[in-house]
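Chemist: the following comprises the amino acid sequence and a computationally predicted model.
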Amino acid sequence: MSEKFTYKTRGVCSRSITFELEEGKLHNVRFEGGCHGNTQGLAALAEGMDASDLVKRLEGTDCRGRGTSCPDQLAKAVKEALAQ
């Protein structure tokens, strides 16, 4: 059974991220707002990925000196979901 999560992003163009976790794998990642092509691509790459691996790969990614990015925000969202 999957569990659905919604994460309110901070410091990026996208406003929120929704996704599902099922047996430690990511599914149905969706960004609200942001750079449409980039967020669609990121969501497609994340589909079926091990959640812990995604956090390791994306955490700390910076966009234009903001100190965060949509990939980093996804990593934060998944890390928070894993901690619950």
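Modeler: It's in. Please read all numbers here as calculations on a predicted model, not as lab measurements.

Chemist: does the spatially most central residue of the chain belong to a helix, a strand or coil?
Modeler: By Cα atoms, centre = their mean, the chain has its centre lying nearest to residue 74, at 2.1 Å. Here residue 74 takes the helix state, with states given by DSSP: H, G, I helix; E, B strand; the rest coil.

Chemist: ok, it touching residue 61?
Modeler: No. Counting by Cβ atoms under 8 Å, residue 74 sits too far from residue 61 to count as a contact (9.2 Å). Every C-beta, even on glycine, is put in place using the N, C-alpha and C of the backbone.

Chemist: on that earlier part again, residue contacts, the residue nearest to the centre of the chain?
Modeler: With contact taken as Cβ atoms under 8 Å, 6 or more residues apart in numbering, residue 74 is in contact with 17, 19, 29, 42, 46, 54, 58.

Chemist: please repeat the previous calculation with a cut-off of 7 Å.
Modeler: 17, 42, 46, 58 (Cβ atoms under 7 Å, 6 or more residues apart in numbering).
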